[in-house]
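> below are the sequence and a predicted model for it; my questions follow.
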Amino acid sequence: MKNEIKETVTVNSQVIECPIVEGKPYVSIRHLCMALGTSYSRQLRKVKNDDILSSVVVLLTTTGIDKKKYEMVCLPLEFTFGWLFTISGDKVKPEIRESLKNYKMECYQALYNMFIAKNSVFVVKDEVLREKLENYEALRTEIEYDKSRMKLKERRLKETEKELRGLINADPNQISLFEKQK
């Protein structure tokens, strides 16, 4: 396939050249794996075993790190987002795990929004679910607040008891308030 470099993408601060074929940008899987600090061979196997990704992967000439031209396995840029979604956080460089996690969270949210927006039955269900979740969270927050207030009151009660015991024990002629209450 004849291609030319017209675009770049930046992944983990590394600029990756994207060969353009028939107006579509492609990204080298090897370059992406290097930028992510993940195993190229493992990811290539994953791509080849995926029924969708394996149908769109191509071999293209692109520039290597050493600025020489190489034939590399590439994915259309539009498919890399789904592929990145499959990469486990423990299989990438430690410094980008949080970014990958945030990316995946955005993917989950985008998928949810995409399918909810298309199906009004889910929208109604979503509104009911959201209201139930809000009520649940409000009750949980209220209980946590009440628990913390109760702990504070218990602490104050114990401190007051301790002070009273100290006052009562200081003067043996005083009647014990605690004995009368029990």
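The structure has been received and is ready for your questions.

> can I get stretch 31-38 in CSV, CA atoms only?
Presented in CSV, the C-alpha positions along stretch 31-38 are these (Å, rounded to 0.1, in the frame of the first residue of the first chain):
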residue,chain,number,x,y,z
HIS,A,31,5.3,2.5,18.5
LEU,A,32,2.2,2.6,20.6
CYS,A,33,3.5,-0.3,22.7
MET,A,34,6.8,1.4,23.2
ALA,A,35,5.1,4.6,24.3
LEU,A,36,2.9,2.7,26.7
GLY,A,37,5.7,0.5,27.9
THR,A,38,3.8,-2.7,27.2
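
> off-centre distance for that stretch?
19 Å (CA atoms, centre = their mean, to the nearest Å).

> same thing with stretch 156-163?
For stretch 156-163, the distance to the chain centre is 46 Å (CA atoms, centre = their mean).

> repeat that for stretch 97-112.
That offset, for stretch 97-112, works out to 5 Å (CA atoms, centre = their mean).

> and Gln109, what does it touch?
Residues near Gln109 by CB atoms under 8 Å, 6 or more residues apart in numbering: none. No exception for glycine: its C-beta is placed from N, CA and C like everyone else's.

> from Lys151, how far off is it?
Applying CB to CB, to the nearest Å, the value for Gln109 to Lys151 is 36 Å.

> Lys158 too?
11 Å.

> what is the neighbour count of His31?
By the criterion of other CB atoms under 10 Å, His31 has 23 neighbours.

> hmm, Met72 and it touching each other?
Yes - between His31 and Met72 there is a contact under CB atoms under 8 Å: 7.4 Å.

> who touches both of these two?
Thr62.

> ranges for the helices of this structure?
Using DSSP state H, the helices of the chain run over 29-36, 40-49, 53-56, 77-85, 97-118, 120-170, 177-181.

> closest to Lys67 out of those helices?
helix 29-36 (13.0 Å; CB to CB).

> helix 77-85 and the closest one, what's the angle between them?
50 degrees (axes from the mean of the first three to the mean of the last three CA atoms, to 10 degrees).
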